[in-house]
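Student: Here's my sequence, what's the structure:
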Amino acid sequence: GVGGWGAVERCTITNCTTLGNGTNGIFLELQKPYWEPPRGYRIIGCHSQANRFGISDWGADGLIVSGCTITGNLEAGFDISGNGTAGVAGRGGILTDCVIDRNVRDGISVGNTPGAYTIRGNRISGNGGHGYHQHDLGDGYQGPAAEIVIDGNDFWDNGLDAIRVDRPMVDAMFVDNRIRNNGRQCEAAATGSGESVWYARRAMTDRSACWRADGHRGKILRVGSRLAVVVGNTDTDLALADLRPDAENAWNEDVPPPGAAYELPAPAPVRAGITVNAHFDSATVRGNRIWDNSSEPTQGYGIWVTERGTCVSCRVEENDLAGNAEGALRCDSRPVGGRWTRNHTDVD
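Tutor: Numbering: from 1, shown residues only. Below you'll find the model as predicted:
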């Protein structure tokens with residue numbers, strides 16, 4: 001709990017390990033909505049694994065998170081939101097030099113913060129959903145997030161888009177990132193039942209299947225009313241995430257009986273390096289290398305502006321977008337104003 005001791009609260013959390021906690025591994029939570037979000041907090045050199053959220057900023061100002069390993073968390077690796085008791089999201093922080101890897105859903109989840117925040121020099125890889133996801137989480141600030149910087153990160157092998165904007169942003173800067181081989185949640189919808197199918201607390205096997213490795217990562221497995229989340233797969237086996245950090249069981253009900261019919265949904269039809277699916281105003285997208293060099297590419301486009309996305313007065317310059325599965329750039333809505341210059345594509 002933070003916020004009760006004035007504008008500056010001097011606290012550093014260092015070299016701690018948090019494992020299997022029901023909500024957060026480490027979190028800062030403003031206790032009263034009318035208190036000023038405090039400065040002075042640092043989280044350095046920690047390991048946060050298999051919690052619901054790895055590390056969360058629920059109401060600090062200027063939090064520094066540095067040199068941490070954030071892995072295997074069920075909801076998100078790093079979370080900025082108003083999920084706390086005061087409904088106030090963190091702002092003005094720095095997340096740097098961390099490994100944010102193999103979280104079940106998003107690597108970094110950001111919602112309802114006024115900004116600014118700097119995400120710099122991290123490895124963001126192997127997450128089941130998006131690498132970085134800007135979206136509406138219901139509580140907290142309702143305006144656009146301003147002045148968020150995503151600078152010099154490595155995004156690779158995430159299940160969906162490397163960076164996804166589902167909530168308005170103003171004056172964002174996405175610069176000098178290396179974004180490759182994302183969109184791994186690519187395997188077609190699947191069903192099965194009978195003698196080849198059996199279940200365990202954290203696994204399912206269908207000996208008649210022939211799936212692409214990790215092509216179902218992040219999907220919801222349905223067996224009647226039973227649900228579980230896939231964290232990875234081989235050609236015939238699914239590994240399933242725990243229902244809760246302390247559950248040692250993936251299913252919301254009893255383990256399904258052998259032979260029960262299952263369903264796996266189709267993947268998202270388009271998966272990109274950067275996806276803009278909301279109002280994106282006065283942003284700078286510069287110097288990013290976005291490509292897919294795998295033997296079977298799954299990252300469809302370098303940059304995708306959806307029908308719901310609007311790029312207004314944006315500066316999209318000097319990006320190298322060559323080498324994606326479908327194309328360099330897809331604009332389902334036309335950008336308004338700004339500069340789109342010196343971007344390299346397959347056909348230049």
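Student: got a list of what Ala268 touches?
Tutor: Neighbour list for Ala268: 160, 183, 185 [criterion: C-beta atoms under 8 Å, 6 or more residues apart in numbering]. Every residue, glycine included, has its C-beta placed from N, CA and C.
Student: Now it, what are its backbone angles?
Tutor: Dihedral angles of Ala268 (phi, psi; degrees, to the nearest 10) stand at phi -60, psi 130.
Student: if we can go back for a sec, pick out whichever of the contacts of Ala268 sits closest to Lys219.
Tutor: The nearest member of the contacts of Ala268 to Lys219, counting by C-beta to C-beta, is Gln185 at 6.5 Å.
Student: what's the closest non-adjacent residue to that closest one?
Tutor: Nearest residue to Gln185, sequence neighbours excluded (C-beta to C-beta, 6 or more residues apart in numbering): Gly159, at 3.8 Å.
Student: Quick one: residues contacting the most centrally placed residue in the chain.
Tutor: Of all residues in the chain, the one closest to the mean position by C-alpha atoms, centre = their mean is Asp106, 2.7 Å from it. If you count contacts by C-beta under 8 Å, 6+ apart, Asp106 has them with 75-77, 127-133.
Student: can you rerun that using 6 Å?
Tutor: Taking C-beta atoms under 6 Å, 6 or more residues apart in numbering, we find Asp106 in contact with 76, 129-130, 133.
Student: Determine which two of these are furthest apart.
Tutor: Greatest spatial distance in the contacts of Asp106: Ala76 and His130, 9.7 Å, computed using C-beta to C-beta.
Student: count of neighbours near Ser208?
Tutor: Burial of Ser208, expressed as a neighbour count using other C-beta atoms under 10 Å, amounts to 12.
Student: What's the separation between it and Glu9?
Tutor: Separation of Ser208 from Glu9 (C-beta to C-beta, to the nearest Å) stands at 58 Å.
Student: And Ser48, by the same measure?
Tutor: 21 Å.
Student: more neighbours, those two?
Tutor: Using other C-beta under 10 Å as the criterion, Ser48 and Glu9 rank with Ser48 on top: 31 against 15.
Student: My guess is Arg342 contacts Val316. True?
Tutor: No. If you go by C-beta atoms under 6 Å, Arg342 and Val316 don't touch, sitting 9.6 Å apart.
Student: if you count what's nearby, which of these two comes out ahead?
Tutor: Neighbours around Arg342 and Val316, counted as other C-beta under 10 Å, are more numerous at Val316. The numbers are 24 against 10.
Student: How about the backbone phi and psi for the more buried one?
Tutor: The phi/psi pair for Val316 (degrees, to the nearest 10) reads phi -110, psi 100.
Student: for it, which residues make a bridge with it?
Tutor: Val285, Trp340 (DSSP bridges).
Student: was I right about it contacting Ala283?
Tutor: No. Assessed by C-beta under 6 Å, Val316 is found out of contact with Ala283, at 8.1 Å.
Student: Now for those two: what residues contact both?
Tutor: Counting by C-beta under 6 Å, 6+ apart, no residue touches both Val316 and Ala283.
Student: distance of Asp235 from Arg339?
Tutor: 47 Å.
Student: Ok, Ala247 next?
Tutor: Between Ala247 and Arg339 the distance is 51 Å, computed by C-beta to C-beta.
Student: Those two - which one has more neighbours?
Tutor: Taking other C-beta under 10 Å, Ala247 and Arg339 do not tie; Ala247 has more neighbours (16 against 12).
Student: Next one: that one from Ala228, what distance?
Tutor: Taking C-beta to C-beta, one finds Ala247 at 11 Å from Ala228.
Student: what does Arg10 give?
Tutor: For Arg10, the distance to Ala228 equals 44 Å [C-beta to C-beta].
Student: Tell me which of the two has more neighbours.
Tutor: Ala228 (28 against 10).
Student: Quick one: residues contacting Gly126.
Tutor: Counting by C-beta under 6 Å, 6+ apart, Gly126 has contacts 101-102, 157.
Student: how does it look with 7 Å?
Tutor: 101-102, 157-158 (C-beta atoms under 7 Å, 6 or more residues apart in numbering).
Student: Please name the spatially closest residue to it (chain neighbours excluded).
Tutor: Gly126 sits nearest to Arg102 (C-beta to C-beta, 6+ apart), 4.4 Å away.
Student: Show me the shaky parts of this protein.
Tutor: Applying pLDDT under 70 to the chain picks out residues 348.
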